[in-house]
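Undergrad: predicted model and sequence follow; I will ask about them next.
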Amino acid sequence: MKQKLARVIVGSVGDERIWKGMKDDYDVVVQCASSGRGGAEAYQEVYLRGAVNVNRYLPIARQIFVSSTAVYGQTGGEWVREESPAEPGTETGKILRLAEKTALLGHGMVVRSSGIYGPGRKISLEKLRRGEAVIEGDGTRWMNRIHQSDLVSALEHLIGKGDIGQIYNATDDVPVTENEFYLWCSEFLQKPIPPHGPVNRERKRGVTSKRVSNAKLRATGWRPVYPSFREGLAEAV
């Protein structure tokens, strides 16, 4: 079998120069980029300009724009679904929401990913191991997670099963409070439960508390291999 070589292009997805000259013969484009922990300017460059460039230079390809459940600004622990209000209170969240709308105006769909964890992405667990973890406030804030391999499988699944113009939440089956998360992790690692501390109001994507539903994505036939953080972290550790 003759092997096909992948063409690697190095540059920013927001830089038009890397898009010019590309052939418009791609069936699918998955825009799964990272701002590199940057602020509003980085979000403009990576997410918004990236979505604009995909629409402009690859208008025929089906675009899957990977967004974040951070666009849901709810704080009362309520369940949120794709039709729930998405009104983020931070500047970065508002830019991300605009990028979503841009992708949907093109030949695209939006996948809102919850917090990604997996190999190389176990920040909370590593802080607990080092004794640096802090439970913010009373610990009742709801958290939503997805294992990185489950996110990949969701994107792969939606290439064939997703509908253009639709939004899908990609998250596991079981939201968890911060208290529950650290109680399980502490018992699993045999480490002391972290102390409580002030809420970090400087979080880039804002302070929210909501339970994100994946029912719409599951209705297309997708299922997570790791239904909760417990299965995913247990295997990773």
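TA: Arrived safely, thanks for sending. Residues are numbered from 1 along each chain as shown.
Undergrad: hey, let's count contacts and neighbours off CA atoms from now on
TA: OK.
Undergrad: check the secondary structure at residue 146 for me.
TA: Three-state assignment for residue 146 (DSSP: H, G, I helix; E, B strand; the rest coil): strand.
Undergrad: typed the wrong thing, it's residue 102
TA: Strictly by three-state DSSP, residue 102 counts as helix.
Undergrad: wait, what's in contact with residue 115?
TA: By CA atoms under 8 Å, 6 or more residues apart in numbering, the contact set of residue 115 is 144, 145, 146, 171.
Undergrad: in the sheet, who's paired with the third one?
TA: Yep, that's residue 146 we're talking about. Counting by DSSP bridges, residue 146 is bridged to residue 116.
Undergrad: list the contacts of it.
TA: Residue 146 touches 113, 114, 115, 116, 117, 170, 171, 172, 226, 228, 229, counting by CA under 8 Å, 6+ apart.
Undergrad: if you set the cut-off to 6 Å instead, what comes out?
TA: 116, 171, 172 (CA atoms under 6 Å, 6 or more residues apart in numbering).
Undergrad: and if you look at the second one?
TA: Taking CA under 6 Å, 6+ apart as the definition of contact, the neighbours of residue 145 are 114, 115, 116, 171.
Undergrad: residue 237: which of those residues is nearest?
TA: Minimum distance to residue 237 across the contacts of residue 145 is 15.9 Å, recorded for residue 116 (CA to CA).
Undergrad: can you get me a residue count around the closest one?
TA: 18 (other CA atoms under 10 Å).
Undergrad: tell me how far it lies from residue 232.
TA: Residue 116 sits 11 Å away from residue 232, going by CA to CA, to the nearest Å.
Undergrad: centroid-nearest residue for the protein?
TA: The centre of the chain sits closest to residue 113, judged by CA atoms, centre = their mean, with a distance of 2.8 Å.
Undergrad: quick one: that one and residue 170 touch, right?
TA: Yes - with contacts counted by CA atoms under 6 Å, residue 113 reaches residue 170, the gap being 4.8 Å.
Undergrad: and the strands in the chain, which stretches?
TA: 28-31, 62-68, 79-80, 108-113, 115-117, 135-136, 142-143, 145-147, 167-170, 176-177, 196-197, 211-212 (DSSP state E).
Undergrad: nearest to residue 203, out of those?
TA: Comparing the strands of the chain by CA to CA, strand 135-136 comes nearest, at 11.9 Å.
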